[in-house]
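Student: Got a predicted structure plus its sequence, pasted below:
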Amino acid sequence: MTETYLAGTTPDRLLLATDFSARCDRALDRAAQLASEWRAELVVLKVLEPAASADLALAWAGGRASDEPLLHLARQQLVRDLSGMNVPATLHTAWSNDAAAAIRTTAIGAHAGMVVTGVSRNEITGRFLAGSTVERLARSLPQPLLVVRYRAHASYQRIVVASDFSASSSRALQAAARLFPGRELILYHADDMPMSSLVKGLPSSLVEGIPSSPIGLDKQRAECSAFLAATGLPAHVKVRPVIERGAVETALTQYVRQHDIDLVVMGTQGRGAIMSLLLGSTAAKLLDWLPCDTLLVREPRANE
């Protein structure tokens, strides 16, 4: 496994990537809520894209572009938006035609422990855009990426960790346990084998018990037990495994709707289709279909 559980290691600094449009208000509210819960500093980044405006492009090309007027307006809006939240916040701007690269550079430079952003959607079709800023961030950010879909009415309570029992899934579970102490975590595995059926619980000191299962789930139960034993989570971390039949895109989406889940946590690389952002199709579908916020935890690379 790539890392071990460390109690109390919530981020000291969060980076919110926003364009200050109405669709980013939900991400701002959630970032502020988490910063307050974790007593963290909030760094707000507004990326200025010259290509999006002809006058900005000409001014930038001629060396006449200045951050100051836009920065002043952005600061005013940030003060209004954070009014009454009592969250320490700083504002950064960046000129770039590559928003994902600018966000990654700022997050690394600011030593942010997490990046928060709104969901990227096609305004006409309402669908997740493959190759969008969000997907590119999920591929490249070393930090966890929180994609916010809904308003932050309260702290996250009902949390699912999507798992294919890989090292990447273990990292996602470790991250969820660190970031959200005291919550019961649901370890979710979708089994697409024809003979599988719903199974809940597991006979382990960490979790609740599983009733006898039909033929075809013995391997999944054994893998789940071995997976949990290898995570090294302390006994006080409560994990409840759920194994369901079906493709993960549809099965997990239905589970989230039926159980009013607040957050799904998943790794971005795995041994099967569930977490593969290298292929992109399953993860893109999950980002598009899941009716809740999503936290993506990327496997670290050797040079990071």
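Tutor: Structure's in. What do you need? Numbering: from 1, shown residues only.

Student: Would you mind listing where this protein has pLDDT under the threshold?
Tutor: 1-8, 21-22, 49-72, 74, 120-131, 193-217, 269-285, 300-304 (pLDDT under 70).

Student: Would you mind splitting this structure into its domains for me?
Tutor: Domain ranges of the chain: 13-148, 159-297, per automatic domain parsing.

Student: Tell me where the stretch 201-304 of the chain has strands.
Tutor: Using DSSP state E, counting those that start in this stretch, the strands of the stretch 201-304 of the chain run over 239-245, 263-267, 293-297.

Student: and the longest one, which strands flank it?
Tutor: What that stands for is strand 239-245. Looking at strand 239-245 with DSSP bridges, its partner strands are strand 185-191 (parallel), strand 199-200 (antiparallel).

Student: Out of the strands of the stretch 201-304 of the chain, which is closest to L73?
Tutor: Closest to L73 of those is strand 293-297 (Cβ to Cβ; 28.4 Å). C-beta here means a position set from N, CA and C on the backbone, and glycine is covered the same way.

Student: Next, the angle strand 263-267 makes with that closest one.
Tutor: 20 degrees (axes from the mean of the first three to the mean of the last three Cα atoms, to 10 degrees).

Student: List the contacts of strand 293-297.
Tutor: Outside strand 293-297, the residues that touch it by Cβ atoms under 8 Å, 6 or more residues apart in numbering are 30, 138, 144-150, 156, 168, 171-172, 175-176, 179, 262-268, 283, 286-287.

Student: Give me the buried subset of these.
Tutor: Buried by 16 or more other Cβ atoms under 10 Å: 30, 138, 144-149, 156, 168, 171-172, 175-176, 179, 262-268, 283, 286-287, out of the contacts of strand 293-297.

Student: Helices - which of these land there?
Tutor: Among the buried ones among the contacts of strand 293-297, the ones falling in helices (DSSP state H) are R30, A138, S168, R171, A172, A175, A176, L179, A283, L286, L287.

Student: Report the two of the residues you listed separated the most.
Tutor: R30 and S168 (23.9 Å).

Student: Please, where are all the helices along this structure?
Tutor: Listed in chain order, the helices found in the chain under DSSP H are 25-38, 54-61, 68-81, 99-109, 133-140, 167-179, 218-231, 248-259, 281-289.

Student: Out of those, flag the one nearest V87.
Tutor: Evaluated over the helices of the chain, closeness to V87 peaks at helix 25-38, with 4.8 Å, by Cβ to Cβ.

Student: okay, the angle between that closest one and strand 293-297?
Tutor: Using the same axes, to 10 degrees: helix 25-38 against strand 293-297 is 60 degrees.
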